[in-house]
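Asks: Test case, fold it:
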Amino acid sequence: MKIMKDKFTPNIHFKAPFGWLNDPNGLVYANEQWHLLYQFHPMSNIWGPMHWGHAVSDDLVNWIHCPIAIAPDEQGAMFSGSGIIDKNNDSGLFDGPSDNNLVIFYTASLTQAEQDDFQTQCLAYSNDGGLSWTKYEHNPVIANPGLACYRDPKVLWVEESQSWVLLITHGQSIGIYKSTNLTHWELCSEFGESEGLHTSGPWECPDMYPLTAEDGMTKWILVVGIGDGCEASGSGTQYFVGDFDGETFINSNPSEKVLYLDNGRDYYATQSWFNAPDNKRVGISWMSNWRYARDTETQTFRSIMTLPREYSLVTNSHGDYVIAQSFASQVNEKFNQVSTLAESEVNVIQPPSSVYKLKGELDLSEEQTAEITLFGEDKPQVTIEYVNGEIMVSSARSYLGLNEILQKEFPHNYSFSQEHNTSSLDVELIVDNGSVELLVCGGRVSMTQLYFPEKPEGQVSLSHWQNVQFSPYSPQ
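Replies: Numbering: from 1, shown residues only. Modelled structure (predicted):
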């Protein structure tokens, strides 16, 4: 039987085998495998009763699909959550200590008509490496305290306090809980009521982890998703840099400061892997936007994940700590056939396929504007300028199809700026059949975007780039 592929089926971005996908869930590195669980509706390519899909990988690029991990039950649909390894059997759910003791935490969500306290926090566990999961017989482990939006549990281990910590969306703030046994939780504090960006919707899919900069300073990063109302229009992801003692998070920046993890329109519900090797912080995001997620231009599936990225703590031009991103080393290894282009004011490339990587340098000291034109189009999708000590990145995106929602919500032409102390910049981007992930200034600037071009493999034009390197995808 011939398997039909959508025109925009990705080559290296993760997608479900069929149906609908959104938030990454339950990310755990165990037994030398990366586990990616995710919000999944296997019966339709439209959002519906949520299951958890499951896939594993040795290299973060090639994925093996596993059976559905958990499915809706009498307590509700399976909303987002996280995963950990209960190595010391703190929960008492296993036969003893083991690196194979996997636990996932999720929100069970009933409709308001069925139950007033309709979102509760539950857990399931696996002692066979994630092949099968057993829901805890005493679920929920945390009952709803009377909040209309009470979901997305993120669990982490805090070495300094020797305790488990759990973050839960409390509407437009994050509840911080702690436990020693993973089944009984105590609310310690809340963060966010008067911090950062607040819009009409809740703060979703929290994540938190420590990062250590090259100067030896360790700061804690708290990440939350904003469903709508972000600067780039629609969904987005903000983060905070601060200190955490195991119970309370303190923001290191002024409360009104807003930091975006990505300045594109398709980077949401970011989560990082528990127990990633070499003490790296590796994460992945849902590559879509709630303004148009249900209508994107695919039929056999809908939605993909971003490429996995590594996060690090660096400083900006003012000496403030910020996050920098890089493509995971396993992803970069798939682009190992590098061609260096001759120096030219304009470089024109005809990629042999629709998936490739570009790297280069920009020197914008003479008020030059660097441009990126993809897919053989006649206007650049991205321009980069250096004006008065700031990098200004502009993004233009069109839509030629017939879907009315996409006609209204998908096209855009917007700019964002970030202070930077030099006009010399490095640029890196990966293109995969219409998806584009751009990193600038050592990953201090990130822009992730979907496109639905007429020809995903079309010609590329780069103006005012230097030391341009082109790398086609090498699947081996």
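
Asks: from here on, contacts and neighbour counts on C-alpha atoms
Replies: Fine.

Asks: What's the first helix or strand after the lengthiest helix in the chain?
Replies: Counting residues, the longest helix found in the chain (DSSP state H) is helix 404-409. Proceeding N to C from helix 404-409, the next assigned helix or strand is strand 412-419, under DSSP states H and E.

Asks: Partner strands of that following strand, with direction?
Replies: strand 390-397 (antiparallel) (DSSP bridges).

Asks: Residues contacting the partner strand, please?
Replies: For strand 390-397, the surrounding residues in contact (Cα atoms under 8 Å, 6 or more residues apart in numbering) are 380-386, 410-421, 423, 451.

Asks: Domain boundaries for the protein, per the record?
Replies: 19-316, 334-472 (automatic domain parsing).

Asks: and those domains as a markdown table, adding mean pLDDT and mean neighbour count?
Replies: Compiled in a markdown table, the domains of the chain are given as follows (pLDDT from 0 to 100; neighbours: other Cα atoms under 10 Å):
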| stretch | mean pLDDT | mean neighbour count |
| --- | --- | --- |
| domain 19-316 | 96 | 20 |
| domain 334-472 | 94 | 18 |
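
Asks: outside of the host helix or strand of residue 36, which residues touch it?
Replies: If you go by DSSP H and E, residue 36 is part of strand 33-41. The contact list for strand 33-41 (Cα under 8 Å, 6+ apart) reads 16, 19-29, 47-60, 69, 78-80.

Asks: May I have the strands that pair with it, each with its orientation?
Replies: Counting by DSSP bridges, strand 33-41 is paired with strand 19-30 (antiparallel), strand 51-57 (antiparallel).

Asks: Which among these is found nearest to residue 432?
Replies: strand 19-30 (18.0 Å; Cα to Cα).

Asks: CA atoms only for that closest one, dumped as PDB, please.
Replies: This file holds the C-alpha atoms of strand 19-30, laid out as PDB (Å, rounded to 0.1, in the frame of the first residue of the first chain):
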ATOM      1  CA  GLY A  19      -3.800  12.800  13.800                       C
ATOM      2  CA  TRP A  20      -3.300  15.900  15.900                       C
ATOM      3  CA  LEU A  21      -0.300  16.800  18.000                       C
ATOM      4  CA  ASN A  22       0.400  19.700  20.400                       C
ATOM      5  CA  ASP A  23       2.300  20.200  23.700                       C
ATOM      6  CA  PRO A  24       5.400  18.000  24.400                       C
ATOM      7  CA  ASN A  25       4.900  16.100  27.600                       C
ATOM      8  CA  GLY A  26       6.800  13.600  29.800                       C
ATOM      9  CA  LEU A  27      10.300  14.300  28.500                       C
ATOM     10  CA  VAL A  28      12.800  11.800  30.000                       C
ATOM     11  CA  TYR A  29      16.200  10.500  29.100                       C
ATOM     12  CA  ALA A  30      16.400   7.000  30.300                       C
END
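
Asks: Let me see the contact set for the spatially most central residue of the chain.
Replies: Central residue of the chain (Cα atoms, centre = their mean): residue 285, 1.7 Å from the mean position. By Cα under 8 Å, 6+ apart, residue 285 lies in contact with 23, 24, 267, 268, 269, 270, 271, 305, 306, 307, 308.

Asks: same question, residue 349
Replies: Per Cα under 8 Å, 6+ apart, neighbours of residue 349: 459, 460, 461.

Asks: switch the cut-off to 6 Å
Replies: 459, 460 (Cα atoms under 6 Å, 6 or more residues apart in numbering).

Asks: do the same with residue 473
Replies: Counting by Cα under 6 Å, 6+ apart, residue 473 has contacts 334, 335, 355, 356.

Asks: Remind me which helix or strand the last one belongs to.
Replies: Read it as residue 356. strand 355-363.

Asks: Ok, residue 469 next?
Replies: Judged by DSSP H and E, residue 469 forms part of strand 466-472.

Asks: Quick one: distance of that strand to the chain centre.
Replies: 26 Å (Cα atoms, centre = their mean, to the nearest Å).

Asks: host element of residue 330?
Replies: helix 329-332.

Asks: Quick check: next helix or strand after that helix?
Replies: That would be, after helix 329-332 and using DSSP H and E, strand 339-340.

Asks: List the strands paired with the helix or strand following that next one, with their directions.
Replies: Following strand 339-340 in sequence order, the next helix or strand is strand 346-349 (DSSP H and E). Using DSSP bridges, strand 346-349 pairs in its sheet with strand 460-463 (antiparallel).

Asks: tell me how far the strand it pairs with is from the chain's mean position?
Replies: 28 Å.

Asks: Residues in contact with that strand: which ones?
Replies: Against strand 460-463 from outside (Cα under 6 Å, 6+ apart): 345, 346, 347, 348, 349, 370, 371, 372, 373, 374.

Asks: Which two among these are spaced furthest apart?
Replies: The widest separation within the contacts of strand 460-463 (Cα to Cα) is 16.6 Å, between 345 and 374.

Asks: can you tell which of the domains of the chain is closest to residue 323?
Replies: Of all those, domain 19-316 comes closest under Cα to Cα, at 4.9 Å.

Asks: Quick check: end-to-end length of the closest one?
Replies: For domain 19-316, the first-to-last residue distance is 41 Å (Cα to Cα, to the nearest Å).

Asks: With stretch 178-186 instead?
Replies: 5 Å.

Asks: cool, stretch 80-91 as well?
Replies: 21 Å.

Asks: any idea how far residue 267 is from residue 182?
Replies: Residue 267 is 30 Å from residue 182, by Cα to Cα.

Asks: ok, back up a step: export the domains of the chain to a markdown table and tack on distance to residue 328?
Replies: Below are these laid out as a markdown table (distance: least, Cα to Cα, whole Å):
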| stretch | distance to residue 328 |
| --- | --- |
| domain 19-316 | 5 |
| domain 334-472 | 11 |
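
Asks: For residue 6, find the nearest of those.
Replies: Here domain 19-316 is closest among those (Cα to Cα), at 6.0 Å.

Asks: how distant is stretch 411-423 from the center of its chain?
Replies: 21 Å.

Asks: List of residues touching that stretch?
Replies: By Cα under 6 Å, 6+ apart, stretch 411-423 touches 317, 363-365, 386, 389-399.

Asks: now, among the residues you listed, which is nearest to residue 260?
Replies: residue 393 (14.2 Å).

Asks: do you know how far the closest residue to that closest one other than its chain neighbours is from residue 356?
Replies: Leaving aside its sequence neighbours, residue 393 sits nearest to residue 384 (Cα to Cα, 6 or more residues apart in numbering; 4.6 Å). Applying Cα to Cα, the value for residue 384 to residue 356 is 21 Å.

Asks: Also residue 189?
Replies: 46 Å.

Asks: now do residue 276
Replies: 26 Å.

Asks: Then residue 432?
Replies: 7 Å.

Asks: Now do the shared contacts for these two.
Replies: With the criterion set as Cα under 6 Å, 6+ apart, the contacts of residue 432 and residue 356 do not overlap.

Asks: Adjacent strands (with direction) for the strand holding residue 356?
Replies: Assessed with DSSP bridges, strand 355-363 is paired to strand 424-432 (antiparallel), strand 466-472 (antiparallel).

Asks: Just the element for the residue lying closest to residue 272 once chain neighbours are set aside, please.
Replies: Distances taken as Cα to Cα, 6+ apart put residue 283 closest to residue 272, at 3.8 Å, once the chain neighbours are dropped. Here residue 283, judged by DSSP H and E, is contained in strand 281-286.
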